[in-house]
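# model the structure of this input:
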Amino acid sequence: MIEVKMPGKGKDLRIKHFESMGHVPELGLRTDREKITFLAAFTGLNYSQVLQYTPIQIRKMSSLALSAIAKMDLTSKLPDTITLQGQEFYRVDPDKAGIGWHIDYSNCDIKKDPVRLACMFYIPVGYNYSDVDENGNILYPISSRHAMFAEEFPLELFMRSATFFLERSLKSTRRSMVLKTAERRLRQRVSLVAKVLNPFNGKRVSKES
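Model prediction:
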């Protein structure tokens, strides 16, 4: 049986825990199968590995995980800068970002790759999103920080950022330059975030102007 350290607080959760939130039905985890499926996504273990735990352990682990998710701070103002592994990143201003950022952002899929979306929210201090070197290669592309964000980017900050950027993108005057299908995807993602948050004490994410 693999020993797993369960996060005890909302601030301990990372983006890698995002997928598990989609495995919580609106009425909560009521069956053993639901608990096992949820824990597999939350811990990164496969289904058979979770089955190695006793029913009592599974119930306790599920309870701890749900408690941590419910404790997330979903109302605080987004920080202008964050520091991950000693590197500083600043929050993108959608109103000042170039069209390239808006196009790439509209093509992100929060369900398939939430980490890529987070990489659109914060970029390295001292650089613009589309900066290139003398050979025309993008400086600090998303791939250069994707693994770091997966392990270090706080889930509660991601949830607040996701709603903030989705709403700002829809309101942006630049949205008329983005394909209508992209706008529909943005609206669908707003609904997905709301649906994911629904089981967790009815908490809402912050709205900033």
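
# per-domain residue ranges of the chain.
10-70, 81-197 (automatic domain parsing).

# chain center to the first one: distance?
Looking back up the chat, that one is domain 10-70. 17 Å (CA atoms, centre = their mean, to the nearest Å).

# now that domain: average pLDDT?
The pLDDT scores in domain 10-70 average 92.

# and the helices in this protein, which stretches?
18-21, 32-43, 47-50, 55-70, 99-106, 114-121, 146-152, 155-171, 180-197 (DSSP state H).

# just to revisit the earlier point, mind putting the domains of the chain in CSV, distance to residue 2 included?
For every residue, glycine as well, the C-beta is placed using N, CA and C. Below are the domains of the chain laid out as CSV (distance: least, CB to CB, whole Å):
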stretch, distance to residue 2
domain 10-70, 6
domain 81-197, 18
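
# possible to save the ones you listed as JSON lines with mean neighbour count and distance to residue 1?
Shown next, in JSON lines, are these (neighbours: other CB atoms under 10 Å; distance: least, CB to CB, whole Å):
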{"stretch": "domain 10-70", "mean neighbour count": "17", "distance to residue 1": "4"}
{"stretch": "domain 81-197", "mean neighbour count": "16", "distance to residue 1": "24"}
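
# what about the residue most central in space within the chain, distance to residue 124?
Nearest to the geometric centre of the chain sits residue 158, at 4.3 Å (CA atoms, centre = their mean). According to CB to CB, to the nearest Å, residue 158 stands 18 Å off from residue 124.

# check residue 99 too.
20 Å.

# what of residue 45?
Distance from residue 45 to residue 124, by CB to CB: 33 Å.

# please apply the same query to residue 130.
13 Å.

# before we move on, what about residue 24?
On the measure of CB to CB, residue 24 and residue 124 end up 34 Å apart.

# kindly report the same for residue 4.
Counting by CB to CB, the gap from residue 4 to residue 124 is 33 Å.

# and for residue 155?
For residue 155, the distance to residue 124 - CB to CB - is 21 Å.

# and what of residue 29?
From residue 29 to residue 124 the distance is 39 Å (CB to CB).

# now swap in residue 91 and tell me
Taking CB to CB, one finds residue 91 at 12 Å from residue 124.

# next one: residue 114
Distance from residue 114 to residue 124, by CB to CB: 20 Å.

# show me the contacts for the residue nearest to residue 42 when sequence neighbours are not counted.
Counting by CB to CB, 6 or more residues apart in numbering, residue 42 lies nearest to residue 20, which is 3.8 Å off, once chain neighbours are set aside. By CB atoms under 8 Å, 6 or more residues apart in numbering, the contact set of residue 20 is 38, 39, 41, 42, 65.

# ok, these vs residue 85, which is closest?
residue 42 (23.2 Å; CB to CB).

# dump the residue contacts of that closest one.
17, 20, 65.

# residue 153 contacts residue 84, doesn't it?
Yes: between residue 153 and residue 84 a contact is recorded at 6.8 Å, counting by CB atoms under 8 Å.

# and residue 139, how far from residue 145?
Counting by CB to CB, the gap from residue 139 to residue 145 is 12 Å.
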